[in-house]
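A.B. asks: Dropping the sequence and predicted coords here.
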Amino acid sequence: GYFVAELTGLNRRDGWIKGMRLIVRRVRPSGRQMHDLTTFEKKTGWKYSIVATNISKMTRVRGSHQIQWLDALHRHHAVVEDHVRTNKAMGLRNLPSKSWQVNEAWTLTANLAADLDAWLRLLTLHDTGELATAEPDTMRFRLYHLPARLAKHARRRWLRIETTWPWADAFTISWRRLGALPAAP
């Protein structure tokens, strides 16, 4: 459902960087992309994205000169940028402090929070489509700021969750799955 082409030979701009390649990708737009389309894209029914790259060929990587490979490489980089955005939402945007040690500790803590969030989703929320892909603020509102209390009675721990809370089932499923994981050796 998508097409990739190289437009490097069509570029006639003065001062263009030597070795820079232009790669265009066209796809059918999804429903949520319809309001962001340009007039040309609305008329043609395709969404276009252009990548300028100076990668001509990666050493010892077969096929890395092909435009499909370069398109996949740049599309994967969008996933990396999404993870950076997520880490900023988990507290990484609260930098800098005047102290290097405080910044170092805060970066480690924010990355640890992002890792714990990712592992929780992978291990316990993989089959709940809504929470498996939710933003950190949504996860914080629905699961992490839980209207509950952990009580001890008769040498057992009891999790007492508010019965009217809409995400109580998702939390208890996640809690049980975490408890069923084998202990680390």
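C.D. replies: Arrived safely.
A.B. asks: how about the residue nearest to residue 177 when sequence neighbours are not counted, what does it touch?
C.D. replies: Computed as Cβ to Cβ, 6 or more residues apart in numbering, the closest residue to residue 177 that is not its neighbour in sequence is residue 124, at 4.1 Å. All C-beta atoms are positioned from the backbone trio N, CA, C, and that covers glycine. By Cβ atoms under 8 Å, 6 or more residues apart in numbering, the contact set of residue 124 is 173, 174, 177, 178.
A.B. asks: go on, residue 146?
C.D. replies: Listed by Cβ under 8 Å, 6+ apart, the contact partners of residue 146 are 161, 165, 171.
A.B. asks: ok, the first one touching residue 171?
C.D. replies: Meaning residue 161. Yes. Residue 161 lies in contact with residue 171 (Cβ atoms under 8 Å); the separation is 6.7 Å.
A.B. asks: Between these two, which contacts overlap?
C.D. replies: Shared contacts of residue 161 and residue 171 (Cβ under 8 Å, 6+ apart): 146, 148.
A.B. asks: More neighbours: which of the two?
C.D. replies: residue 171 (20 against 16; other Cβ atoms under 10 Å).
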